[in-house]
Each structure stands twice: as structure tokens, then as C-alpha cells.
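Engineer: Give me a model of this one.
(chains A and B)
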Amino acid sequence: MIPDIIVYGDVTLIDLLIVVLTIVVAVIIAKIVTLNLRKTLSDKVRKDELEIIVRIAYAVIIGIAIISVLPILGMNLSGLLVAGGIAGIVIGFASQSVVSNLISGLFLMTERPIKIGDAVKVGDITGVVEDIHVMSTIVRTFDGVYVRMPNESVFTSSILNYLANVARRFEYVVGIRYSDDAEKAIRIIKEIIDEHPLTLVNPEAQIFVDNLGDNSVNIIVRIWAPSTHWYPVKMELLWKIKKTLEENGIEIPFPQRTLWFGKEEKKVEEVKELAEVEIPEIEDQD
Amino acid sequence: MYGSYDFPVKIELNEILISVEKENGNLIYRRKFGDDEVEKILLAEDAKLIVNPVEPVNKPVEVTSFLQIEFSRSVVVEPKSTRHIYLKFPVEIGVIVSSPADIEVLDIFAPVKPKYTLYGDPRNGIICKYWKSNIFSSIPGIDPLKEGVMELTIKNKVNEWVTITRAVFNGVEMKIYYSEDFVSMKALMDVSSKTVAETDFIDAPLKAGMKKSIEIYTARKIPIVGKKLEMEWGL
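Structural biologist: Numbers count the residues shown, from 1 in each chain, chains lettered A, B, ... in the order given. This next block holds a predicted model:
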């Protein structure tokens, strides 16, 4: 009979069919389990944690299925472990970068300096973390470009996570003319900041004259906002500050220089001398 | 303004206008408050409109579910004692459409100016909706469209005097009650050390005859993990 056809060793065609069937069933079970996990946990667990749980569940089910069918294929598990150990060393040397990415991926998943959905800067790449795989991390840059970064480079790069903390600070430098009232400008800026709902009450905004610049009196404005909303607040407030200051007669000056020329200086001195010449009084002649 | 209404309906009070009117065979929901206007089409027949105060943590954007009420004056509580104080809290108005099968949040608006603050440090702290309130020894008068009254029971469990300057609450389990002219909430603060306390809500009205608000977190079917809040970054 066809099923009794020996493929190799003691393994028959029916054994191979059982193996394929077991793997197919395992894949179906894994899909059903992961689908149900997503449904039940999507409200209770964060998206990135859910992804890790789903992947582990999928890998465990498939792994159990593979291990369970190995004896059918005539593979001795204890022998396989020894062979696997040696093969592991060989493969490890041969594929250092793969192993390095894998280990880095595992560290990224446990240490979690970044999470799915975080706005980050990794090396030169700035964007939103779309996914963290075992081997690579997917980042969507703010201009919508897909970037796949090997986990090794993510792990060894300095990571700036803009959403790791719940609040963050941003600042402006507002220059006003020397003739303007800096205290009035500070008061106006403070009112604008207080008026905005997303600027935090605590930590309080800092507004102060930071330095007397070449062309302007420079006021530093430091504002705290929720990390999730700081950028819209930053975009909105600067223009509002500029408009309100101008409405109140406070202007942001252009860079300017006052130049004195030698000849002009001479002319000025001549004028001064002329002014010092006594003008004879004209007597009234009645 | 608060209550349950059949369609069509038009409610006008102070600067607020809420209406559901039939136009070209469709029900149109309109809400106006100052410059803020909302218009939606309702495809419904057997439904009601419910207007009630909701948890004040939804507007202008959903940043947090926590509310911090800062006291205008510090409260110093004697050791091993239980005291009641009254505070004012901000109110947001929720408009909910209800049918026999389900309810849905149609609209939320905030008649008071919203503000946020950070409780704790930027790394581990929490963003909270901010409100500053006077402390009252009896129930104060309020504008129910803008404020509610919270009865806060402070239980000082430690054998020391404790100074409290604020109370932080997890808004997801607020129990708000309302009547035509009053909005209230009851809360509890268990002080376990000079710097740590736990806050929680009591599901009871402040006055007899008040109705319980439909909570937004219930209406939106948002799963709630925990309702108590550990104030671990100072009182």
C-alpha cells in the first residue's frame, strides 16, 4: 500500500503525513489561541505587552508540536540536544550578527527602553515605534517612512524616548527691544501660558530675562506639558505669544547695528561748535 | 438641565443650548456652548436623551483619568481621627443617548476652564486634571452646571498630626449624584503616613432624592483596573 512506502529509515509516508497534519493542526490551534488572546486581552493589556504574549503563545504551541513529531521522524531528542549544542556553537560563530540581534531583541523586550507607540530617536532615526520583533525594530518616521532597524543597532545606540516620562519641558527664547518693559512682557507671557489648558500648573512655567543680547533683551520661557501633547502646545503658543506681545506694543526686534562714520562725527562736532557761537542780541528799536 | 428627555427636545440654559430636532426625516442633535458647537445625525426612533454631570477628566482632551483638587488652605488633621470637609469639584456635562438595549455617549463638554498638573515626578508621576477649591465646613452653594460638592472624609490612621494640601482621585470610579440644582460626590482619604494616603469614592448621594449619573467609563465600556489611588508623592 502507498502509506507503507518507506521514505527513509523506518519512516513511512504515513508518518510524514502525520507530521504534516500535526504541524498544520498546531498552526491552526496557535492561530485560534492567539486570536482569542488578542480579543480577550486587548482591553486589559498594553498593545506592546499583548504582542509579546501572543508571540510567546504562538511559539510555544508550534514548538510543542515540532518536539512531539520529532520521534515519528526517527529523531532521538537526546541525540538532537547534543547535536543541537554543537550545531548551536557552529551556527553561533557563523551567524554572530543574527545571534546578536536576537539577544538584543530579547533585552529590548525585557528592559523595555522603548515600547510600541512611543515617539523615539534611535541613532539618526526619529519616529514612532511600530513593532518590536525578536530580530528587528520597526520605526515609522514622522514623514511616514518605514525603517527596519536591526535590534543590535537599536540596543547599542543611544535612545531618546520622548514619551517615556509623563511630562516634558520645552522652551522658547523671546527677544524684546531694549526700550520695551520686560516685566510687562513676562506678565503677558505668563497670562498666555496660564490660559492654555495643557500647560501644567505644576511644575510651574519659568519666565525670566536670561541675557542682554546684542539686539534684544532675551526672555527665556520654559513650559511643562503632558508628553503626549507637548508638540501641539509648543506650536500653538509661540505665535500666540508673538501676536499678543505686539498687540501690547512690545516688539521682537530685528538684528540692528548703529554705525558712526568719521566724517559724520566731524560734521556733528562742527554743528556743535556753531551752536556754541554766541548769537548777538538784537536790540529792540522802538 | 440635568435629566432624561424624549425626542424632540430643546434645552436652553445660560450659554448652553442642547436640542434634538427632526429635519428632513432625520433627528439632528445640536449642542452649543460659547464658540463650541457640535452637530450629529441620530438614526434612532425609540431613544431618550440623558443629560447628566460626568467625571471631570474628559475635556479638552483625554490626557488622564486622574483629578487633583488642591486646597486653598492646608488642612491639619489631629492623630487617630476622622474628619469631614467639603470641597468643590469641576463638572463636565455628558449627553448620552439611551435605547432599551444600550447607551452611548453622544457628547461631553466642560463649562469650566480646564487645567492640568503633574502629581509626582515626570518619570513616575501622573498627569492630573487640576482644580483648586476652598475648604468648607458645611455644604456650600454652587452653580451645578459648573461645580459639584464633594464630601471628603479624612481618616488619619497615624499617631501624628498630618498636613494635607491636596487630594488626588482616580476618576474612573467616581460616583456622581445629581438633582436639578445640585451635584455631589462622596470620597474617602485614608491617611497611612505623614506623606502617603489612599483615596476612594463612596457610592452614596449627599442629599436625599438625588439621581446617580451615568458614568462615562461605564457608558464607554472601558475596562477598569483599579479604582483606589495611592497618593505616594505627598499630601
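Engineer: beta partners of the spatially most central residue of chain A?
Structural biologist: Relative to the mean C-alpha position of chain A, the nearest C-alpha, by C-alpha atoms, centre = their mean, is the one of A:Val120, at 1.8 Å. Beta-bridge partners for A:Val120, by DSSP bridges, are A:Gly127, A:Asn161.
Engineer: pLDDT (mean, whole number) over stretch A:63-82?
Structural biologist: Stretch A:63-82 shows a mean pLDDT of 78.
Engineer: In that stretch, which residues are buried?
Structural biologist: A:65, A:69, A:72-73 (16 or more other C-beta atoms under 10 Å in any protein chain shown). Glycine gets a C-beta too; all of them are placed from N, C-alpha and C.
Engineer: Contacts for stretch A:149-161, please.
Structural biologist: Residues outside stretch A:149-161 that contact it (C-beta atoms under 8 Å, 6 or more residues apart in numbering or on different chains): A:97, A:100-102, A:104-105, A:107-108, A:113-114, A:118-123, A:125, A:132-139.
Engineer: Just the buried residues from these, in PyMOL please.
Structural biologist: In PyMOL, this line selects whichever of the contacts of stretch A:149-161 come out buried by 16+ other C-beta under 10 Å:
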select buried, chain A and resi 100+101+104+105+108+114+118+119+120+122+125+132+134+136+137+138+139
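Engineer: Take the contacts of stretch A:149-161 and keep only those in helices.
Structural biologist: Secondary structure from DSSP state H places A:97, A:100-102, A:104-105, A:107-108 of these in helices.
Engineer: Nearest to A:Ile18, out of those: which one, please.
Structural biologist: Distance to A:Ile18 across these (C-beta to C-beta) is lowest for A:Leu102, with 31.3 Å.
Engineer: Go ahead and confirm that closest one touches A:His133.
Structural biologist: No. The pair A:Leu102 / A:His133 is not scored as a contact, 10.0 Å apart, by C-beta atoms under 8 Å.
Engineer: what's the residue nearest to A:Glu251 when sequence neighbours are not counted in contact with, if anything?
Structural biologist: Leaving aside its chain neighbours, A:Glu251 sits nearest to A:Arg177 (5.7 Å; criterion: C-beta to C-beta, 6 or more residues apart in numbering or on different chains). Counting by C-beta under 8 Å, 6+ apart, A:Arg177 makes contact with A:216-217, A:250-251, A:253.
Engineer: Now A:Arg177, what are its backbone angles?
Structural biologist: phi -70, psi 160 (degrees, to the nearest 10).
Engineer: what does A:Ser179 give?
Structural biologist: phi -80, psi -10.
Engineer: Read off the pLDDT value for it.
Structural biologist: You'll see A:Ser179 listed with a pLDDT of 85.
Engineer: which residues touch it?
Structural biologist: Neighbour list for A:Ser179: empty [criterion: C-beta under 8 Å, 6+ apart].
Engineer: any idea how far it lies from chain B?
Structural biologist: Counting by C-beta to the nearest C-beta, to the nearest Å, the gap between A:Ser179 and chain B amounts to 34 Å.
Engineer: Strand partners (parallel or antiparallel) of the longest strand anywhere in chain B?
Structural biologist: Ranked by number of residues, the top strand in chain B under DSSP state E is strand B:66-77. For strand B:66-77, the paired strands and their directions (DSSP bridges) are strand B:126-133 (parallel), strand B:162-170 (antiparallel).
Engineer: Among the buried residues of stretch A:63-82, which lie within helices?
Structural biologist: Those of the buried residues of stretch A:63-82 lying in helices (DSSP H): A:65, A:69.
Engineer: coming back round to it: list the buried residues of the longest strand of chain B.
Structural biologist: So, applying 16+ other C-beta under 10 Å, buried residues of strand B:66-77: B:66-71, B:75, B:77.
Engineer: For those residues, please prepare JSON lines with the additional fields pLDDT.
Structural biologist: What follows is these, written out as JSON lines (pLDDT from 0 to 100):
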{"residue": "B:Phe66", "pLDDT": "91"}
{"residue": "B:Leu67", "pLDDT": "92"}
{"residue": "B:Gln68", "pLDDT": "93"}
{"residue": "B:Ile69", "pLDDT": "94"}
{"residue": "B:Glu70", "pLDDT": "93"}
{"residue": "B:Phe71", "pLDDT": "93"}
{"residue": "B:Val75", "pLDDT": "91"}
{"residue": "B:Val77", "pLDDT": "91"}
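Engineer: I'd like to know which of those residues is nearest to A:Ser42.
Structural biologist: A:Ser42 lies nearest to B:Phe66 out of these, by C-beta to C-beta, at 23.2 Å.
Engineer: The closest one and chain A: what is the separation?
Structural biologist: Separation of B:Phe66 from chain A (C-beta to the nearest C-beta) stands at 11 Å.
Engineer: which non-adjacent residue is nearest that residue?
Structural biologist: Nearest to B:Phe66 is B:Cys128, by C-beta to C-beta, 6+ apart, at 4.2 Å.
Engineer: mind listing what the one you found touches?
Structural biologist: Contacts of B:Cys128 by C-beta under 8 Å, 6+ apart are B:64, B:66-68, B:116-119, B:168.
Engineer: which among the residues you listed gets closest to A:Val7?
Structural biologist: Of these, the one sitting nearest to A:Val7 (C-beta to C-beta) turns out to be B:Thr64, at 63.2 Å.
Engineer: mind checking pLDDT for that closest one?
Structural biologist: pLDDT for B:Thr64: 88.
Engineer: what about the strands in the stretch 101-250 of chain A?
Structural biologist: A:119-122, A:125-132, A:136-141, A:146-150, A:159-161, A:167-176, A:206-212, A:217-226 (DSSP state E, counting those that start in this stretch).
Engineer: now those strands in a markdown table, with mean pLDDT and distance to B:Leu188?
Structural biologist: As requested, the strands of the stretch 101-250 of chain A are arranged in a markdown table below (pLDDT from 0 to 100; distance: least, C-beta to C-beta, whole Å):
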| stretch | mean pLDDT | distance to B:Leu188 |
| --- | --- | --- |
| strand A:119-122 | 89 | 38 |
| strand A:125-132 | 88 | 40 |
| strand A:136-141 | 90 | 45 |
| strand A:146-150 | 90 | 49 |
| strand A:159-161 | 88 | 37 |
| strand A:167-176 | 91 | 28 |
| strand A:206-212 | 90 | 37 |
| strand A:217-226 | 92 | 28 |
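Engineer: Show the contacting residues for A:Ile64.
Structural biologist: Counting by C-beta under 8 Å, 6+ apart, A:Ile64 touches A:Ala26.
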